[in-house]
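Asker: Everything below, folded, please.
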Amino acid sequence: MRNDTVKPLTKSTASPAANAASYDIPPLMWLRAFEASARHSSFTAAADELSLTPAAVSHQVRSLEKYLGVMLFERLARKLLLTELGTAYLPPLRQSFDNLAAATAGLFGPIGQRTFRH
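Answerer: A predicted model of the protein is given here:
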């Protein structure tokens, strides 16, 4: 396991030919699985919210943990507890989701009130 710091989310410098908008961040679905699991303290409840199986949510969270090189949850018999790093990662992740939701609603209107435009 790496040290107890989360690497900053920065633009990728893997290749100059890479898309300029490419960021060194984990897949969005892994982040959604982590955020929902943290909010519910349960893979099962997160799975219900995300319309996935609990095993799929657990796999996505494990993939995120492997990507980051740290454990985000302490897995107990019937409950999940955030580790110190999981606790630190959650607020900026939630803020990022809030920013995406606000930008989407601001530009395209609330869900249910959008019309398709060419």
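Asker: and the nearest residue to residue 35 once chain neighbours are set aside, what element?
Answerer: For residue 35, the nearest residue in space outside its immediate sequence neighbours is residue 93; the separation is 5.7 Å by CB to CB, 6 or more residues apart in numbering. All C-beta spots, glycine's among them, are computed from the backbone N, C-alpha and C. Following DSSP states H and E, one finds residue 93 within helix 84-108.
Asker: by contact count, what packs against that helix?
Answerer: The contact analysis (3 or more CB pairs under 8 Å, 6 or more residues apart in numbering; DSSP states H and E) places helix 84-108 against helix 28-40.
Asker: other SSEs contacting the helix it packs on?
Answerer: Using 3+ CB pairs under 8 Å, 6+ apart as the contact definition, the elements that helix 28-40 packs against are helix 43-50, helix 54-68, strand 80-82, helix 84-108.
Asker: okay, which residue is most central for the chain?
Answerer: For the chain, the residue sitting closest to the mean C-alpha position, by CA atoms, centre = their mean, is residue 31 at 1.3 Å.
Asker: What's the local residue count around the residue lying closest to it once chain neighbours are set aside?
Answerer: Distances taken as CB to CB, 6+ apart place residue 93 nearest to residue 31, at 6.0 Å, with adjacent residues excluded. For residue 93, the number of neighbouring residues by other CB atoms under 10 Å comes to 16.
Asker: Residue 93 and residue 30 touch, don't they?
Answerer: No - the criterion here is CB atoms under 8 Å, and residue 93 misses it with residue 30 at 10.7 Å.
Asker: what sits in contact with each of these two?
Answerer: Any residue near both residue 93 and residue 30 by CB atoms under 8 Å, 6 or more residues apart in numbering counts here, and not one turns up.
Asker: Can you give me the neighbour number for residue 67?
Answerer: Neighbours of residue 67 (other CB under 10 Å): 13.
Asker: Could you do residue 55 as well?
Answerer: When neighbours are counted by other CB under 10 Å, residue 55 registers 10.
Asker: What residues sit buried inside the helix holding residue 93?
Answerer: Along helix 84-108, these residues count as buried under the neighbour rule (16 or more other CB atoms under 10 Å): 85, 86, 89, 90, 93.
Asker: Go ahead and confirm the third one touches residue 72.
Answerer: The reference is to residue 89. Yes - when contacts are counted by CB under 8 Å, residue 89 is listed as touching residue 72 (6.6 Å).
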